[in-house]
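K.L.:
Need the 3D shape of this:
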Amino acid sequence: MDISYKYHRTTVREPVSFIGVGLHTGQLTTVCLKPSVDKKGIFFVRTDVPAGQGVIDARWYNVSNTTLSTNLSNEFGVSIATVEHLMSALIACGIDNLRIEVDGPEIPVMDGSAEVFVEIIRNAGKSYLKAAKQGIWIEKPIVVNDGDKFAMLMPHSVPRVSMCIDFPNTVIGSQCYTVTLNDESYFEEIAYARTFGFAEQVDAMKEKGLALGGSLINAVLVDGKKILNPEGLRVENEFVRHKILDVIGDMSLAGAPIIGHYYAYKAGHNLNQRLLKKLFSEASAWTKTSLEEGKERFANHDDLYDGDFIQKTLNVVPIKNIAS
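P.N.:
You can find the predicted model right below:
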């Protein structure tokens, strides 16, 4: 393959389908990923609603709920839930254009990670389109806070994610991890990390209509200092790696890869959505251009703002400890 093709938009080569249970609805749904050259990029189509009402663009401004997952809705009130794991896998696999047909209200959780989705997408193959692949380069810091929690985007020449989480008095404890997203790092370090929950919260969640499809097959269940899954963890810091998986999925709703350094402490779907909303409300904070042009233009974009600046901005935790 000519190396120049990596700067072109892509779609899947062949349609591919899969079936599974939704984490929160518990409903069995079938999903079909289909090639698309539509200018929408990635979009969902609910096939179980009246014709013309089921199209939902995979964009940040369609986010309608961030309670324990990221849900999208359209102008007809039609929604699709828990899109973040599939979206994470799609952007990691370099897919820009896709029609995702779903016959129910939620994307299946599969094994709770993105690994199955990655395998499905790779099996479908990749087709390169004529249009140039775009990227969104961060030009200046964007920060959102909620108490001691924060999420921020910083200028950087490549996509990078740094995350810290803290669940005291549990087996999770405090965990930090950083990954620079290149051709293989997502698949080697992030894709297999499963979603997780807490045993003492299960009954309350189900009373609220959440986690109805959750099980030890598709989630890591924490009970204080114990892991209830017989097989244990896939890697010791699987929890923070899964949070990074979620971040990548949530940030994909920008509509193009974000080229910058995402830093966060105890952030979740809500802060990620607020971060995107703030980013796009400040036109001077970002530039959208082709990946080929941007790679040269922003080649020396790293470390424009140092750790002291970040610390003064946030007044929370030492960011260099997160990013180390």
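K.L.:
which residues sit against stretch 51-66?
P.N.:
Outside stretch 51-66, the residues that touch it by CB atoms under 8 Å, 6 or more residues apart in numbering are 40-48, 70-74, 76, 78-81, 83, 87, 100, 252-255, 268-270, 272-273, 276-277, 280. Any C-beta I mention is one placed from the backbone N, CA and C, and that applies to glycine too.
K.L.:
Please apply the same query to stretch 190-204.
P.N.:
Against stretch 190-204 from outside (CB under 8 Å, 6+ apart): 23, 85, 88-89, 92, 109, 111-115, 118, 170, 172, 179, 205, 211, 214, 218-224, 228, 234-235, 238-239, 241-242, 244-245, 248.
K.L.:
what do you get if the cut-off is 7 Å, keeping everything else the same?
P.N.:
If you take CB atoms under 7 Å, 6 or more residues apart in numbering as the criterion, stretch 190-204 is touched by 89, 92, 111-115, 118, 179, 211, 214, 219-223, 228, 234, 238-239, 241-242, 244-245.
K.L.:
returning to that earlier point: so of the contacts of stretch 51-66, which ones are in helices?
P.N.:
Residues from the contacts of stretch 51-66 lying in helices, with DSSP state H as the criterion: 87, 269-270, 272-273, 276-277, 280.
K.L.:
Could you list the low-confidence segments of the chain?
P.N.:
Where the chain drops to pLDDT under 70, the residues are 1-5, 302-324.
K.L.:
rewinding a little: right, and out of the ones in helices among the contacts of stretch 51-66, which lies closest to residue 260?
P.N.:
Nearest to residue 260 out of those is residue 276 (CB to CB; 12.1 Å).
K.L.:
elements contacting the helix or strand residue 150 falls within?
P.N.:
Under the criterion of DSSP states H and E, residue 150 resides in strand 149-154. The elements that strand 149-154 packs onto, with contact taken as 3 or more CB pairs under 7 Å, 6 or more residues apart in numbering; DSSP states H and E, are strand 142-146, strand 261-265, helix 269-281.
K.L.:
most neighbours per residue, which of the ones you listed?
P.N.:
strand 261-265 (a mean of 25; mean count of other CB atoms under 10 Å).
K.L.:
Can I get that one in CSV, CA atoms only?
P.N.:
C-alpha atoms of strand 261-265 as CSV (Å, rounded to 0.1, in the frame of the first residue of the first chain):
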residue,chain,number,x,y,z
HIS,A,261,-2.7,15.6,25.2
TYR,A,262,-5.8,14.8,27.2
TYR,A,263,-5.1,14.9,31.0
ALA,A,264,-7.6,14.0,33.6
TYR,A,265,-8.1,13.2,37.2
